[in-house]
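Asker: the following comprises the amino acid sequence and a computationally predicted model.
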Amino acid sequence: MPDMSTFKMDALFCLFKGEPGTRKSTQALSFPKPQYWFSWDQKMEGIALPMKLWGIDGSQIVYDDYQNWTGAEQKLKKLQVECPYKTIVVDNLGAAGDSINAQTLNVKAGGTRQDGSESGKRIAGIPVNTIEDFNAETSALQSLCKSLKDIGKYHKCNIILIAHVLQTEQKSPSGETHMSRTIVTGAKKMSAKIPGYCHEVYHFNMKGNFTEDKLYTIKTSHSGDDFARTSLPLAKEIEFGDSPLYDKWIVPAISKLNNMKSALPEKY
């Protein structure tokens, strides 16, 4: 039975979330290599420029484009047995959910029940998503997170989940409302569960406008509208700009945590 006396932070399980274009994928690229990418959005060309600007060897970035859950599930099983990578990136959860739902829809549209009637639901002859599709997405995304958790712990591999966010209206028990941003997935309950798998949740943001220099930042602490958290001694907000997040901020924070002594008196 392990205890925390010999604890050392050696790998991170992260959620990078934010609006498109806030450099989530770019900063995933800054993590240790070699890397493997589950490319659900099939836009790997988007990281070619930062890869070259940072002098990263392209052979250290390996990926597969996925259009269904079956292929990803097979890859996860292989990685559980053998993982030569130091970082695994899922880019992105919303596109993964879309692919899972599309796979379910295709099966339903072409299937039949025992009585010979067509399975699934159609409106004006068009197959449409139903709650059954969202159940499939929830199950697959749960399996994805649990498998990656096992892979990260066993192989001491960094895991990064990338997600887009959607602004929604939230109501408090007292009836007051405020706007907040939630992860974009088809299944609402699963979008709320995903952060629970991660000890690092960073909200990516951008300051400035089109005519000014854009300042890219992350929040590492909950701000009310944007949830975030960290288990590392990091600032509540980091302005990373064009600098690699991992080398400049994460590595020093991990070193500081691992070498930190308890601040409590011996009697405690």
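Answerer: Perfect, I can see it now.

Asker: can you give me phi and psi for residue 237?
Answerer: For residue 237, the backbone dihedrals (degrees, to the nearest 10) come out as phi -140, psi 130.

Asker: sorry, that was for residue 64
Answerer: Torsion angles, degrees, to the nearest 10, at residue 64: phi -130, psi 140.

Asker: who are the contact partners of it?
Answerer: Contacts here follow Cβ atoms under 8 Å, 6 or more residues apart in numbering; on that basis residue 64 touches 37, 38, 39, 71, 75. Using the backbone N, CA and C atoms, a C-beta is placed for each residue, glycine as well.

Asker: of these, grab the buried ones for ChimeraX.
Answerer: The buried subset of these, as determined by 16 or more other Cβ atoms under 10 Å, is captured in ChimeraX by this line:
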select :37,38,39,75
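
Asker: using JSON lines, lay out the contacts of residue 64 together with secondary structure and distance to residue 202.
Answerer: JSON lines is the format used below for the contacts of residue 64 (DSSP: H, G, I helix; E, B strand; the rest coil; distance: Cβ to Cβ, whole Å):
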{"residue": "37", "secondary structure": "strand", "distance to residue 202": "18"}
{"residue": "38", "secondary structure": "strand", "distance to residue 202": "19"}
{"residue": "39", "secondary structure": "strand", "distance to residue 202": "21"}
{"residue": "71", "secondary structure": "helix", "distance to residue 202": "28"}
{"residue": "75", "secondary structure": "helix", "distance to residue 202": "25"}
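
Asker: mind putting the contacts of residue 64 into a markdown table with pLDDT and distance to residue 47?
Answerer: As requested, these are exported to a markdown table (pLDDT from 0 to 100; distance: Cβ to Cβ, whole Å):
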| residue | pLDDT | distance to residue 47 |
| --- | --- | --- |
| 37 | 98 | 9 |
| 38 | 97 | 14 |
| 39 | 96 | 10 |
| 71 | 92 | 21 |
| 75 | 97 | 20 |
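
Asker: identify the farthest-apart pair in the contacts of residue 64.
Answerer: Spatial extent of the contacts of residue 64 (Cβ to Cβ) is set by the pair 37 and 71 at 13.5 Å.

Asker: kindly state the pLDDT recorded for the residue nearest the centre of the chain?
Answerer: For the chain, the residue whose C-alpha lies nearest the mean C-alpha position (Cα atoms, centre = their mean) is residue 161; its distance is 1.6 Å. The model reports residue 161 with a pLDDT of 97.

Asker: the host helix or strand of it pairs with which strands, and in what direction?
Answerer: In this assignment (DSSP states H and E), residue 161 forms part of strand 158-163. With DSSP bridges as the test, strand 158-163 is paired with strand 13-18 (parallel), strand 87-91 (parallel).

Asker: residue 208: which of the ones you listed is closest?
Answerer: Of all the strands paired with strand 158-163, strand 13-18 comes closest under Cβ to Cβ, at 15.0 Å.

Asker: quick one: mean pLDDT over the closest one.
Answerer: On average, strand 13-18 scores 96.

Asker: ok, now stretch 86-106?
Answerer: 85.

Asker: gap between it and the chain center?
Answerer: Here stretch 86-106 shows a centroid-to-chain-centroid distance of 11 Å under the convention Cα atoms, centre = their mean, to the nearest Å.

Asker: any figure for the gap between the residue lying closest to residue 223 once chain neighbours are set aside and residue 226?
Answerer: Nearest in space to residue 223, with sequence neighbours left out and distances taken as Cβ to Cβ, 6 or more residues apart in numbering, is residue 203 at 7.7 Å. According to Cβ to Cβ, to the nearest Å, residue 203 and residue 226 sit 4 Å apart.

Asker: so which of those two has more stuff around it?
Answerer: residue 203 (26 against 18; other Cβ atoms under 10 Å).

Asker: of the strands paired with strand 158-163, which approaches residue 245 most closely?
Answerer: Going by Cβ to Cβ, the one of the strands paired with strand 158-163 nearest residue 245 is strand 13-18, 9.4 Å.
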